[in-house]
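S.K.: Sequence first, predicted coordinates after that:
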Amino acid sequence: MAAISEPLRAADPNEPTAGVTPGGASRAVGLVCAACGARRGLALENACPECLGPLTVAYDLAAVRGGRGGRPGASGLARYAELLPPVADPDRAYALEGTPLRDAPRLARELGIGRLYLKDDTVLPTGSFKDRPAAVAVAQAVARGARAIGCASTGNLAAATARAAAREGRPAFVFVPEGLPAGKLDPVRALGGRIVEVPGGYDRTNRIAALAAEALEIAFVNIGLRPYYAEGSKTAWYETLDALGGEAPDRIVVPLGSGALLAATGRAVRETAALGWIRPGSPVPALVGSQPEGCDPIVEAFRLGRTEIRPVREPRGVAESLAIGDPASGPEALRAIAASGGTADAPSDGEVRAGIRDLARLEGIWVEPAGGTVVATLRRLARSGFLRPQDRVVAHLTGAGWKAPGSSGPRAAPPLRLDPVHPDFSVLRAELDRNPEPPAGGGEGPW
Amino acid sequence: MRVHLASVLRTFAPGLDGREFPGAEGSVAELLERVAAAGPVGFRARLFEGAALRRYLAVYIDGVDIRFTGGLASRVGGDSRVDLIPAVAGG
């Protein structure tokens, strides 16, 4: 039988690796199986031929030259090109600006958390964190000569893929479950993506996309390119650590769909610890996964102490972007949570909706239900004591509210109606007087 | 029963992809043992770990994951489509 493992090779920027154009700044040296540890070259593979386990990119960390802020003179994701897959021109290929880490004192005070920071990926070009992995995967697809780009998406990746493909002048075919809201599909149309609907939920869409990837010359970012795609999500942690001056938080709360974001965060934390980017004396952050109770296979496995994920056949609930019944990175996410001393939590739809409203009311940020799920978990874990009054906590806001309008629930107040000729302001007066936090003295007025 | 292999498996048994396995209805385990026997030496280890299915191998019978229908004991027969796909993609 042919040898199926290849030794790791140091990334030589002057020598193409497995069909990839020269690696620019990347220190990637190969792929490694997360399940059995088999090592591969930087090939176009998503599963280990030895055991069929998931492959991830390995780096020569000793060769990394940049400090915590990444490559001097670079911006956005390109700052971290040393820890991303190889591309010839990272400054162009990884030209996606980073996002703010927002202090959230009002929400922290309400929840009883010492210090709360929100990694606000709602401001990315298509309104979700998926712009990160899509940018990295499409760069890889182009470097390998792909003529068309594809993805299987619960909605957010669809727009991110269409955007990244448009920038490279490639057609995008986005496979989605039937019936997604306009907030998910309108951006795809505007960006020129071709929507391919599959009846049934995301897991069926994903299977059909996997078959399409075998049959068609389409580079699916989260199927054939998945080892490279997943690397893009690490950049949120690099930016977070830089914004905190190298002082790692005590807890990082991440929404769980496929588990890929949490798994990538875990890898990024390990990398930055090994690189010395985390200040000595900083805590080792505990990773917290948050998954809605209508689709919580990773949380259930964590609670029951299982290493195997039992898929959910019919995901339900308001958080459609997390409705992945068979999470591909579930086992890796589970291992990352356990290894960090973290935990996993599954709030109800009601709590998720309340989380959306709490965040909007207290911090002025409108998120889709994945963000509400995270805020609900913050509340639940502050109540349980897992989040302590002295803790510094980072929470990931992965999608903007406009992507899933109507998610904040029926408890949102209906509009007031005024007569256009004889307006009666008494009802407005009553609402004003119910304001629990009137400014001292009432301000200057009349306004 | 027609069996379709993902490319990572096809590499080891290129002639098996899309092959028809005629016969009476039986268990998925029985069908996969026939598939393994039709492949080259060592191919069984790509599908099984001992008597169990490989952890990262997903098996679909007419589009339904066998983990929802009884695993390797699930029944399969007739003109069913059987897909063998690594469970490492998506999301």
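M.R.: Here it is on my side, so go on.
S.K.: Where does the stretch 201-350 of chain A get nearest to chain B, residue-wise?
M.R.: Going by C-beta to the nearest C-beta, chain B is nearest to A:S258 of the stretch 201-350 of chain A, at 2.0 Å. Quick note: C-beta positions are derived from backbone N, CA and C, even for glycine.
S.K.: which residue sits closest to that residue, ignoring its sequence neighbours?
M.R.: Leaving aside its chain neighbours, A:S258 sits nearest to B:G91 (2.0 Å; criterion: C-beta to C-beta, 6 or more residues apart in numbering or on different chains).
S.K.: now A:G53
M.R.: A:A35 (2.7 Å).
S.K.: what's near enough to touch A:A213?
M.R.: A:G150, A:F220, A:I223, A:G224, B:A89 (C-beta atoms under 8 Å, 6 or more residues apart in numbering or on different chains).
S.K.: what's in contact with the worst-scoring helix or strand of chain A on mean pLDDT?
M.R.: Using mean pLDDT, DSSP states H and E, the weakest-scoring helix or strand in chain A turns out to be helix A:426-433, at a mean of 89. By C-beta under 8 Å, 6+ apart, the surrounding residues in contact with helix A:426-433 are A:L416.
S.K.: what about A:S75, distance to chain B?
M.R.: Noted for A:S75: a distance of 28 Å to chain B, by C-beta to the nearest C-beta, to the nearest Å.
S.K.: hmm, I was thinking of A:G169
M.R.: Using C-beta to the nearest C-beta, one gets 25 Å for the distance from A:G169 to chain B.
S.K.: That residue in helix, strand or coil?
M.R.: The assignment at A:G169 comes out as coil when based on DSSP: H, G, I helix; E, B strand; the rest coil.
S.K.: Up against chain B, what does the stretch 51-200 of chain A have?
M.R.: Along the stretch 51-200 of chain A, the residues adjacent to chain B under the rule C-beta under 8 Å from any C-beta of the partner chain are A:C51, A:L52, A:G53, A:P54, A:L55, A:A152.
S.K.: I figured the second one hits B:Y56, correct?
M.R.: To tie it back to what came earlier, the one meant is A:L52. Yes - A:L52 is in contact with B:Y56 according to C-beta atoms under 8 Å; the separation is 4.1 Å.
S.K.: who's more crowded, the two?
M.R.: Counting neighbours by other C-beta atoms under 10 Å in any protein chain shown for A:L52 and for B:Y56 shows that A:L52 has the greater number, 26 against 21.
S.K.: show me what contacts the more buried one?
M.R.: With contact set as C-beta under 8 Å, 6+ apart, A:L52 has these partners: B:V8, B:R46, B:R54, B:R55, B:Y56, B:L57, B:P86, B:A87, B:V88.
S.K.: and A:L157, how many neighbours does it have?
M.R.: With other C-beta under 10 Å as criterion, A:L157 counts 31.
S.K.: Now do the same for it: helix, strand or coil?
M.R.: For A:L157, the reduced secondary structure class is helix; criterion used: three-state DSSP.
S.K.: Does it touch A:K130 like I think?
M.R.: Yes - judged on C-beta under 8 Å, A:L157 makes contact with A:K130 at a distance of 4.4 Å.
S.K.: coming back round to it: show me what contacts the residue nearest to A:G53?
M.R.: Going by C-beta under 8 Å, 6+ apart, A:A35 touches A:C48, A:C51, A:G53, A:P54, A:P331, B:R55, B:Y56.
S.K.: so which of the residues of the stretch 51-200 of chain A next to chain B comes closest to A:I365?
M.R.: Sorting these by how near they are to A:I365, with C-beta to C-beta, puts A:A152 at the top with 28.2 Å.
S.K.: so how many other residues sit close to that closest one?
M.R.: Burial of A:A152, expressed as a neighbour count using other C-beta under 10 Å, amounts to 32.
S.K.: And for A:A360?
M.R.: For A:A360, the number of neighbouring residues by other C-beta under 10 Å comes to 18.
S.K.: Please apply the same query to B:V82.
M.R.: As a burial measure, the neighbour count of B:V82 was computed by other C-beta under 10 Å and equals 20.
S.K.: Okay, and it sits in which element?
M.R.: Following DSSP states H and E, the helix or strand that holds B:V82 is strand B:81-86.
S.K.: Contacts only, for A:P105.
M.R.: Taking C-beta under 8 Å, 6+ apart as the contact definition, A:P105 lies against A:L116.
S.K.: how about it, phi and psi?
M.R.: Dihedral pair for A:P105: phi -70, psi -30, per degrees, to the nearest 10.
S.K.: okay, A:G24: pLDDT?
M.R.: Reading off the per-residue confidence, A:G24 sits at a pLDDT of 79.
S.K.: secondary structure element for it?
M.R.: A:G24 is part of no helix or strand, with elements assigned from DSSP H and E.
S.K.: now the residue nearest to it when sequence neighbours are not counted: how far from chain B?
M.R.: With C-beta to C-beta, 6+ apart as the criterion, A:G24 has its nearest non-adjacent residue at 4.7 Å, and that residue is A:P90. As defined by C-beta to the nearest C-beta, A:P90 lies at a distance of 25 Å from chain B.
S.K.: Is it correct that A:P90 is in contact with A:L83?
M.R.: No - in this structure A:P90 lies outside contact range of A:L83 using C-beta under 8 Å: 10.9 Å.
S.K.: now the strands for the chain?
M.R.: Going with chain A. Secondary structure of chain A by DSSP state E: the strands cover A:28-33, A:39-40, A:55-59, A:101-103, A:115-120, A:149-152, A:172-177, A:194-198, A:219-220, A:251-255, A:286-290, A:343-345, A:392-397.
S.K.: let's do chain B instead
M.R.: In chain B, strands defined by DSSP E lie at B:2-5, B:19-20, B:26-27, B:48-49, B:52-53, B:57-61, B:64-65, B:75-76, B:81-86, listed in chain order.
S.K.: which other residues reach the fourth one?
M.R.: For strand B:48-49, the external contacting residues (C-beta under 8 Å, 6+ apart) are B:L32, B:A36, B:R54, B:R55.
S.K.: rerun that using 7 Å as the cut-off
M.R.: The set of residues external to strand B:48-49 that reach it, using C-beta atoms under 7 Å, 6 or more residues apart in numbering or on different chains, is B:R54.
S.K.: From the chain's centroid, how far away is it?
M.R.: In terms of C-alpha atoms, centre = their mean, to the nearest Å, the gap separating the centre of strand B:48-49 from the centre of its chain is 12 Å.
S.K.: Pull up the pairing partners for it, direction included.
M.R.: Sheet pairing of strand B:48-49 (DSSP bridges) gives strand B:52-53 (antiparallel).
S.K.: can you check the second one too?
M.R.: Strand partners for strand B:19-20, identified by DSSP bridges, are recorded as strand B:2-5 (antiparallel).
S.K.: Buried residues in the strand it pairs with, which are they?
M.R.: Taking 16 or more other C-beta atoms under 10 Å in any protein chain shown as the neighbour-count basis, strand B:2-5 is seen to contain the buried residues B:V3, B:H4, B:L5.
S.K.: tell me which of the residues you listed is nearest to chain A?
M.R.: When the buried residues of strand B:2-5 are compared for distance to chain A (C-beta to the nearest C-beta), B:H4 wins out at 7.7 Å.
S.K.: With B:R81 as the reference, measure out to that closest one.
M.R.: In this view, B:H4 and B:R81 are 7 Å apart by C-beta to C-beta, to the nearest Å.
S.K.: okay, and the common contacts of these two?
M.R.: When contacts are counted by C-beta under 7 Å, 6+ apart, the set common to B:H4 and B:R81 is empty.
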